[in-house]
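**Student:** return atomic coordinates for the entry below.
(one chain, ligands or ions: 1)
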Amino acid sequence: MNAEQVKLVQESFSRVVPISETAAVIFYDRLFEVAPAVKAMFPADMTEQRQKLMATLAVVVNGLGNLESILPAASALAKRHVSYGARAEHYPVVGGALLWTLEKGLGEAWTPEVADAWTAAYGTLSGYMISEAYGRAQAAE
Ligand code: HEM
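**Tutor:** Numbering: from 1, shown residues only. Now for the predicted structure:
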């Protein structure tokens with residue numbers, strides 16, 4: 001992703017921060033609608049999970065301009081996810097739910113450029129996480 005895309009992701013995310021809790025509810029509702037099987041992997045009470053997700057997204061978004069700074073945490077996060085039962089093929093599903101949520105949350109601010117920037121950001125992050133957790137061959141699939 002280029003510097004302009006980093007800026008677009010950071011600016012658009014700053015509009016979502018004030019509605020973090022709602023955005024997280026929309027995200028998990030969407031995820032469990034499109035992938036009902038993953039619901040059982042999550043705790044029954046999602047309150048804490050919603051906060052953790054949004055806090056981690058904030059760290060990642062803030063670190064996009066300096067990727068090396070977030071890679072160790074992203075690697076550790078990916079490896080923890082193996083024990084949660086996450087598989088490589090879940091990542092595009094989660095990415096789809098994330099983009100869908102941002103589109104709903106941002107309304108008219110969800111322009112094609114913003115969509116492309118988020119697609120690139122999620123692609124970079126998830127590609128790295130998949131290769132760290134499952135190896136490069138899976139990440140390339
Ligand atoms: C870039 C993508 C993702 C991000 C940023 C992310 C972020 C997080 C965070 C911050 C947590 C809290 C626990 C921790 O820090 O270890 C978590 C937990 C969890 N994630 Fe993810 N996640 C991602 C992708 C996925 C995928 C693809 C799945 C597969 C279904 C998944 C399933 C889970 C589950 C089941 C838990 C709950 C574990 C538990 O508390 O028992 N996540 N995720």
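
**Student:** what does the protein put close to the ligand?
**Tutor:** Proximity of the chain to the ligand (Cβ under 6 Å from any ligand atom) is limited to residues 38, 41-43, 49, 52-53, 56, 77, 80-81, 84, 86, 90-91, 94, 125-126, 129. Quick note: C-beta positions are derived from backbone N, CA and C, even for glycine.

**Student:** which elements pack onto the helix or strand hosting residue 93?
**Tutor:** Using DSSP states H and E, residue 93 falls within helix 90-106. The elements that helix 90-106 packs onto, with contact taken as 3 or more Cβ pairs under 8 Å, 6 or more residues apart in numbering; DSSP states H and E, are helix 3-16, helix 20-34, helix 112-134.

**Student:** for the first one, list the C-alpha coordinates in PDB.
**Tutor:** C-alpha atoms of helix 3-16 as PDB (Å, rounded to 0.1, in the frame of the first residue of the first chain):
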ATOM      1  CA  ALA A   3       1.300   6.500   1.600                       C
ATOM      2  CA  GLU A   4      -1.900   8.000   0.300                       C
ATOM      3  CA  GLN A   5      -3.700   4.700   1.100                       C
ATOM      4  CA  VAL A   6      -2.200   4.600   4.600                       C
ATOM      5  CA  LYS A   7      -3.700   8.100   5.100                       C
ATOM      6  CA  LEU A   8      -7.100   7.100   3.700                       C
ATOM      7  CA  VAL A   9      -7.300   4.100   6.100                       C
ATOM      8  CA  GLN A  10      -6.200   6.200   9.100                       C
ATOM      9  CA  GLU A  11      -8.600   9.100   8.300                       C
ATOM     10  CA  SER A  12     -11.600   6.800   7.700                       C
ATOM     11  CA  PHE A  13     -10.800   4.700  10.800                       C
ATOM     12  CA  SER A  14     -10.800   7.900  12.900                       C
ATOM     13  CA  ARG A  15     -14.500   8.400  11.900                       C
ATOM     14  CA  VAL A  16     -15.300   4.900  13.100                       C
END
